[in-house]
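Asks: turn this into a structure:
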Amino acid sequence: MQPVNLTNQHNSNATPQPAPPLAASIKFKFFLTGLAGLGLWFSLYWQLQGLAAYLAFSLLGLEPGSHLGEAMLFFFYDTPKVLMLLTLIVYGVGVLRSFFTPERTRKILAGKRESVGNVLAALLGIVTPFCSCSAVPLFIGFVTAGVPLGVTFSFLISAPMVNEVALVLLYGLLGWKVAALYLGTGLLIAILAGWTIGRLGMEEHIEDWVREMHVNASDIPDQKLTWTERFGHGKTAVREIVGKVWIYVVLGIAVGAGIHGYVPEGLMASIMGKEWWAVPAAVLVGIPMYSNAAGIVPVVEALLGKGAALGTVLAFMMAVIALSLPETIILRKVLKPRLIAVFIGVVGTGIMLVGYLFNIII
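Replies: Next up, the predicted model:
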């Protein structure tokens, strides 16, 4: 009898070892590509100041300190800086947003206690891809999914007002302190305004056709995406968001450059100063002047540079972004006039309080 080769038999029946997973290889390749891209981004970013001075004073031959020279220096520096910051942050937030689909956002907020829900809704408003007008259809979905009215309003206020575009622009143009102030006060307005509206019990002032709708959010499946798909969401976000707002960035910076170069020192301080009437006047002027953050923040930078009061300018900016006329018109399709008036009154009051507060302490 021949001896049985147990070693060979064991090896022949053994499960073959799997090859290294393809997903890990793809992740590593994305990591290396991203690292190289970040290095290139930073090397370009730090050269912008010198490049702007070269374009304005050497290439165009403008005189340093002249009105046109200072305006063109402002434009040549701020335009690429803002567009580069937007591209970097929007890509990162685009990847993050792939975890927060509208369906998942509804499911997170549905069933939460109002106090917790207001805070959560305001925080979700920062990372969800909705401007003041596109947030309104989602508002309908929230109401029909059983999200409390006050919680829904916290999201509706936060989504357009405290978004990555506003924060990136404020950080890039005015520094992290102003960006942090805007973030904190914007969230506070969204939370308190939503909580106040929720306490008023005005559900009957939602249009009947909205209240008759019903969506069972628990029946909506979650998205299961690979990391390749999530990185693709980042690219799509850059293409769609930066592709839409770049013209507003350029136009806003052009207006800001004109203010920076030609408006006399102190004029803005007399118009948008710390007088008691300045803040409500800025809010009233800002409401019909519909713009997004990309268009209004460069103007804000120029106003502050000319001596306007920070609180008054922040109130102006918040009114432009959060209380726009197009948003009010769209809201009329789903809300009755009394609830719209309460919404504008509560948010407007919060914005004015923020303006007065910063004018006092700064």
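
Asks: chain neighbours aside, what residue packs nearest to Pro280?
Replies: Using C-beta to C-beta, 6 or more residues apart in numbering and skipping the chain neighbours, the partner closest in space to Pro280 is Met352 (5.8 Å). Just so you know, the C-beta spots here come from the backbone N, C-alpha and C atoms, and that holds for glycine as well.

Asks: what does the average pLDDT come to for the longest helix anywhere in the chain?
Replies: Longest helix in the chain by number of residues, with DSSP state H as the criterion: helix 67-97. Taken as a whole, helix 67-97 carries a mean pLDDT of 81.

Asks: cool, stretch 150-170 as well?
Replies: 80.

Asks: please apply the same query to stretch 262-271.
Replies: The model assigns stretch 262-271 a mean pLDDT of 70.

Asks: would you mind measuring the gap between the ends of it?
Replies: 16 Å (C-alpha to C-alpha, to the nearest Å).

Asks: returning to that earlier point: buried ones in the longest helix of the chain?
Replies: By neighbour count on 16 or more other C-beta atoms under 10 Å, the buried set for helix 67-97 is 69-79, 81-91, 93-97.

Asks: again, but for stretch 174-193
Replies: 174, 178-179, 181-183, 185-187, 189-193.

Asks: okay, and which of those residues map to helices?
Replies: Short answer: the buried residues of stretch 174-193 in helices (DSSP H) are 174, 178-179, 181-183, 185-187, 189-193.

Asks: Val347: which of the residues you listed is nearest?
Replies: Distance to Val347 across these (C-beta to C-beta) is lowest for Ala193, with 5.1 Å.

Asks: my guess is that closest one meets Val346, correct?
Replies: Yes - in terms of C-beta atoms under 8 Å, Ala193 counts as a neighbour of Val346; the distance is 4.7 Å.

Asks: helices of the stretch 1-150 of the chain, start to end?
Replies: Per DSSP state H, counting those that start in this stretch, the stretch 1-150 of the chain carries helices over the ranges 6-13, 22-45, 48-53, 67-97, 102-109, 114-127, 135-144, 149-161.

Asks: what's the spacing between the residue nearest to Phe155 when sequence neighbours are not counted and Pro160?
Replies: Leaving aside its sequence neighbours, Phe155 sits nearest to Ala121 (C-beta to C-beta, 6+ apart; 4.0 Å). Noted for Ala121: a distance of 13 Å to Pro160, by C-beta to C-beta, to the nearest Å.

Asks: more neighbours, these two?
Replies: Legend: neighbour count by other C-beta atoms under 10 Å for Ala121 and Pro160, higher for Ala121 (31 against 24).

Asks: Ser158 is in contact with the more buried one, correct?
Replies: Yes - using C-beta under 8 Å, Ala121 is in contact with Ser158, at 6.9 Å.

Asks: give me the common contacts of the two.
Replies: Ala190 (C-beta atoms under 8 Å, 6 or more residues apart in numbering).

Asks: and Ala341, how many residues sit next to it?
Replies: Neighbour tally, Ala341, other C-beta under 10 Å: 13.

Asks: would you mind measuring from it to Val300?
Replies: Taken as C-beta to C-beta, the span from Ala341 to Val300 is 28 Å.

Asks: for Leu323, same thing?
Replies: Leu323 is 16 Å from Val300, by C-beta to C-beta.

Asks: out of these two, which sits in the more crowded spot?
Replies: Val300 (26 against 23).

Asks: surely Glu229 is in contact with Ser98?
Replies: Yes - between Glu229 and Ser98 there is a contact at 7.2 Å, judged by C-beta under 8 Å.

Asks: the two: which is more packed in?
Replies: Ser98 (18 against 12).

Asks: just give me the neighbour total for the closest residue to Phe316 other than its chain neighbours.
Replies: Excluding the flanking residues, the one nearest Phe316 by C-beta to C-beta, 6+ apart is Ala282, at 3.9 Å. For Ala282, the count of nearby residues is 27 (other C-beta under 10 Å).

Asks: check contacts around Ala282.
Replies: Contacts of Ala282 by C-beta under 8 Å, 6+ apart are 272, 312-313, 315-316, 319, 355.

Asks: biggest separation within those, which pair?
Replies: Distance extremes for the contacts of Ala282: the farthest pair is Met272 and Ala319 at 12.4 Å, using C-beta to C-beta.
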